[in-house]
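Colleague: Mind folding the following:
(one chain, ligands or ions: 1)
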Amino acid sequence: MTTTTVGVLAIQGGVIEHISLLHRASEYLHSHSSPIKIPNFRFIQVRTVLQLSECDALIIPGGESTTMSIVAQRLGLLEPLRQFVKVDHKPVWGTCAGLVMLASAASATKQGGQELIGGLDVKVLRNRYGTQIQSFVADLDLSKILGEEENQKPFRGVFIRAPVVEELDQEKGVEVVGVYKGKEKEDIVAVKQGNVFGTSFHPELTEDVRIHVWWLRRVVEALKEKEST
Ligand SMILES: NC(=O)CC[C@H](N)C(=O)O
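Modeller: Alright, predicted model coming up:
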């Protein structure tokens, strides 16, 4: 059986946490019946262009997007990452700083802006809820992505200096799949567009494996579709 390689960009941030939940999600998928054939997965940390070239799919973790961007540029990873997302259309998921990296534009960035990867036709507002001490946990309804069986209870979203999506291009196929209902207004905190998925919050900092399971299934489906074309 072929092996599907899923990378986690390991420049900085919540790398190990994602890898650990990916392993648990893989175990879940292998132990539950599924209409699609689940391959063997290999989860790797990605720090080089060579490692990226081995990946069928990629997670960009939370952390600090300005740092991630500078280091990715120094490692010569920025252009290969853009190619991976926007030319090869491989499945990519960004959490928090990862969502910022995947946006086509970001506000509240330092003067001169920061280099982004893009792939999601959205503009994000960084640090929407303030600093680290204003971090919070909130129940989210993710019924737009989770199946009925998996959506029996809300998802506990962990928000740490989180960005939100403030503008999006619906015509380009950006779909809102999660909102946070705050006191004054609703914020968009999960979006998908084709091969790209982004969340403002950190599922990897919970014990809840549901989004990783959903995303790995999507990866398998996307690879299958590619094979048949
Ligand atoms: N937890 C996080 O990933 C924080 C993201 C950070 N505020 C940024 O814009 O990069």
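Colleague: Scan the protein for its longest helix.
Modeller: helix 210-228 (DSSP state H).
Colleague: Can you spell out which helices and strands pack onto that one?
Modeller: Applying 3 or more C-beta pairs under 8 Å, 6 or more residues apart in numbering; DSSP states H and E, one finds that helix 210-228 contacts strand 3-9, helix 15-31, strand 57-60, strand 196-199. All C-beta atoms are positioned from the backbone trio N, CA, C, and that covers glycine.
Colleague: Tell me the buried residues in that helix?
Modeller: By 16 or more other C-beta atoms under 10 Å, the buried positions in helix 210-228 come out as 210-220, 222-223.
Colleague: how about the residues of this structure near the ligand?
Modeller: Counting by C-beta under 6 Å from any ligand atom, the chain comes close to the ligand at G62, G63, E64, S65, C96, A97, V100, R126, N127, I160, R161, P163.
Colleague: I'd guessed the fourth one sits against T95; true?
Modeller: No - under the contact definition of C-beta atoms under 8 Å, S65 does not touch T95, with a separation of 11.2 Å.
Colleague: The protein: helices as residue ranges?
Modeller: 15-31, 49-53, 65-74, 78-82, 97-102, 210-228.
Colleague: Which among these is found nearest to V179?
Modeller: Taking C-beta to C-beta, helix 97-102 is the member of the helices of the chain nearest to V179, at 14.3 Å.
Colleague: For K144, the count of nearby residues, please.
Modeller: By the criterion of other C-beta atoms under 10 Å, K144 has 13 neighbours.
Colleague: Residues touching stretch 97-108, excluding its own?
Modeller: For stretch 97-108, contacts defined as C-beta atoms under 8 Å, 6 or more residues apart in numbering pick out 9, 13, 59-65, 68-69, 85, 92, 94, 113-114, 116-127, 163, 165-167, 196, 198-200.
Colleague: Relative to R217, how far out is H32?
Modeller: Distance of H32 to R217, given as C-beta to C-beta, to the nearest Å: 10 Å.
Colleague: are any of the contacts of stretch 97-108 buried, and which?
Modeller: In these, burial by neighbour count holds for 9, 13, 59-65, 68-69, 85, 92, 94, 114, 116-127, 163, 165-166, 196, 198-200, counting by 16+ other C-beta under 10 Å.
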